[in-house]
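A.B. asks: for reference, the sequence and a predicted model appear below.
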Amino acid sequence: MSTLVSGATNFRDVGGLPAGSGRTRSGVLFRSGNLRHVDDEGLETLRALGLRRIVDLRDDDEVRHAPSRLTGLDVDVQRLPLFLGSVESFFERDISLGELYDELISDSPARIVAAVRAIAGAQPVLVHCTVGKDRTGVTVAIALAAAGVDRDAVVADYARTESLLPAERNRLIVSGIRALHPENRHAEELATRSPAPVMRALLERLDAEHGSPAGFLRAHGVTDDELAGLRDALVE
């Protein structure tokens, strides 16, 4: 479901997704890119959504560079930086999107668990990073899958980001990366793409290693009661 917040990129409500015999609730879980350029109209929209919590997955440098504009909003902001390396380091190393997601799962499971607990703990909740594609995409996908949302719908929600990133933004970002790293093979994928097969492969890795995305969360301390609470919060 689309929710336009003026000044915010890739903002949307994760409501209406099929989950067995139910659907995800609307107005409960939102996702987006950074909130630096939210204007007065956007602030009014955020206020009307009644957000109780914002989960910011960016690192300190990103927050300093692009502080969120949340003027006048009474909301609990939880900072849970999800990358162990800097964003710049991924382009320097020229890793693929799949490799980046594998590193997230391997290196930051405690932060992912904390983010999923934050989603379950207070709603309406907004999860965001800088673009709302990778850290947000992985976190939201695991939360949705663990809550029982149909696999195809989880993957489709992730893949939708690619159609919501402005073409001019993509062109500028990719040209800037290539100016710094002219031999980089994965710049466009890392900066602008959200291919369904990449997310499907990540979820299948969690199936293979832990039985399911919920099993991944259980392996890192999430209880069955917490998983039931997550499903109750997100699915009607």
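C.D. replies: Nice, thanks for sending it over.
A.B. asks: surely L51 and H128 touch.
C.D. replies: No. Using Cβ atoms under 8 Å, L51 makes no contact with H128, being 11.1 Å away. Where you see a C-beta, it was placed from the backbone N, CA and C, and this is true even at glycine.
A.B. asks: and these two? which has more neighbours close in?
C.D. replies: Between L51 and H128, counting by other Cβ atoms under 10 Å, H128 is the more crowded of the two (26 against 20).
A.B. asks: what sits against the more buried one?
C.D. replies: Counting by Cβ atoms under 8 Å, 6 or more residues apart in numbering, H128 touches 31-35, 54-57, 136.
A.B. asks: so, low pLDDT: which residues of the protein?
C.D. replies: By pLDDT under 70, the low-scoring segments of the chain are 1-2, 84-88.
A.B. asks: tell me which residue is most central in it.
C.D. replies: T136 (1.1 Å; Cα atoms, centre = their mean).
A.B. asks: and G22, how many neighbours?
C.D. replies: Neighbours around G22, by other Cβ under 10 Å: 15.
A.B. asks: isn't it right next to A153, touching?
C.D. replies: No. The pair G22 / A153 is not scored as a contact, 11.7 Å apart, by Cβ under 8 Å.
A.B. asks: follow-up on the earlier one: next step: the contacts of H128 restricted to strands.
C.D. replies: Those of those mapping onto strands are 31-32, 54-56, per DSSP state E.
A.B. asks: what's the farthest-apart pair in those?
C.D. replies: R31 and D56 (12.0 Å; Cβ to Cβ).
A.B. asks: mind listing what's buried in stretch 90-104?
C.D. replies: Of the residues in stretch 90-104, 90-91, 95, 97-98, 100-101, 103-104 count as buried by neighbour count, 16 or more other Cβ atoms under 10 Å.
A.B. asks: tell me how far F90 lies from E183.
C.D. replies: Distance, F90 to E183, by Cβ to Cβ, to the nearest Å: 15 Å.
A.B. asks: circling back to that earlier point, quick check, nearest of the contacts of H128 to A201?
C.D. replies: T136 (18.1 Å).
A.B. asks: L126: what's it in contact with?
C.D. replies: Here L126 is in contact with 30-32, 46, 51, 53-55 (criterion: Cβ under 8 Å, 6+ apart).
A.B. asks: want to try CSV for these, with distance to G215 as columns?
C.D. replies: Listed next are the contacts of L126 as CSV, based on distance: Cβ to Cβ, whole Å:
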residue, distance to G215
F30, 26
R31, 23
S32, 28
L46, 35
L51, 30
R53, 26
I54, 28
V55, 22
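A.B. asks: which one among those residues gets closest to E162?
C.D. replies: For the contacts of L126, the residue nearest E162 by Cβ to Cβ is R31; the value is 14.0 Å.
A.B. asks: my read: that closest one touches G132, true?
C.D. replies: Yes. In this structure, R31 is within contact of G132 by Cβ under 8 Å, at 5.7 Å.
A.B. asks: and for the two, which residues touch both?
C.D. replies: Joint contacts of R31 and G132 (Cβ under 8 Å, 6+ apart) are 10-11.
A.B. asks: what is the neighbour count of V116?
C.D. replies: 26.
A.B. asks: that one in helix, strand or coil?
C.D. replies: Here V116 is helix, with the state taken from DSSP: H, G, I helix; E, B strand; the rest coil.
A.B. asks: how about it, what does it touch?
C.D. replies: 139, 142-143, 146, 217, 222, 230.
A.B. asks: now do 10 Å
C.D. replies: 55, 127, 139-140, 142-143, 146-147, 213, 216-217, 220, 222, 226-227, 230 (Cβ atoms under 10 Å, 6 or more residues apart in numbering).
A.B. asks: any idea how far it is from R135?
C.D. replies: Counting by Cβ to Cβ - V116 and R135 are separated by 13 Å.
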